[in-house]
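Undergrad: Structure for this input, please:
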Amino acid sequence: MMSRSQSRDDLRRWLSPPDPSTNHNVARGSHHDGTASWFTRGNTYKQWKMTGSLLWIHGKPGSGKSILCSTIIHEIEQLQETGAALMAYFYFDFKDIGKQDVRSLLSSILIQLSK
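TA: A predicted model of the protein is given here:
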């Protein structure tokens, strides 16, 4: 009989999801003090955190979506460590062929939520 971790490892290999943390870490490295504070102090963000719904950030290339998302992810990761939140995230990246389609998104989210 297979253990849970063995099953999860087999599922991970089969799905072969891309790792969104690489994009997150690059974006976090571009932060300066106060980056995205205009958003994290705003009503949209506060309401989203209270409802626990989907937050979809979209915009033109180079408009700061990745930096904004990395700020939000960082904040939610801190809540997740205390057990107060559950999160999965994904960066579509047109420089990385493995992060350009829905299958990549779904496999990545599935693996993150299975942890």
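
Undergrad: so how far is the biggest helix by length in the chain from its chain's centroid?
TA: Using DSSP state H, we find that the single longest helix of the chain is helix 65-81. Chain-centre distance of helix 65-81: 8 Å, with C-alpha atoms, centre = their mean, to the nearest Å.

Undergrad: Report all helices and strands that it contacts.
TA: Counting contacts by 3 or more C-beta pairs under 8 Å, 6 or more residues apart in numbering; DSSP states H and E, helix 65-81 packs against helix 21-28, helix 37-40. C-beta coordinates here come from the backbone N, C-alpha and C atoms, glycine included.

Undergrad: Give me the helices and strands touching the host helix or strand of residue 108, please.
TA: Taking DSSP states H and E as the definition, residue 108 sits inside helix 102-114. In this structure, helix 102-114 packs against helix 4-15, with contacts taken as 3+ C-beta pairs under 8 Å, 6+ apart.

Undergrad: Now do the helix or strand of the chain with the lowest mean pLDDT against helix 102-114, angle only.
TA: Ranked by mean pLDDT, DSSP states H and E, the weakest helix or strand in the chain is helix 4-15, scoring a mean of 80. For helix 4-15 against helix 102-114, the angle by axes from the mean of the first three to the mean of the last three C-alpha atoms, to 10 degrees is 170 degrees.

Undergrad: Centre-most residue in the protein?
TA: With distances taken as C-alpha atoms, centre = their mean, the residue of the chain nearest its centroid is residue 89 (2.1 Å).
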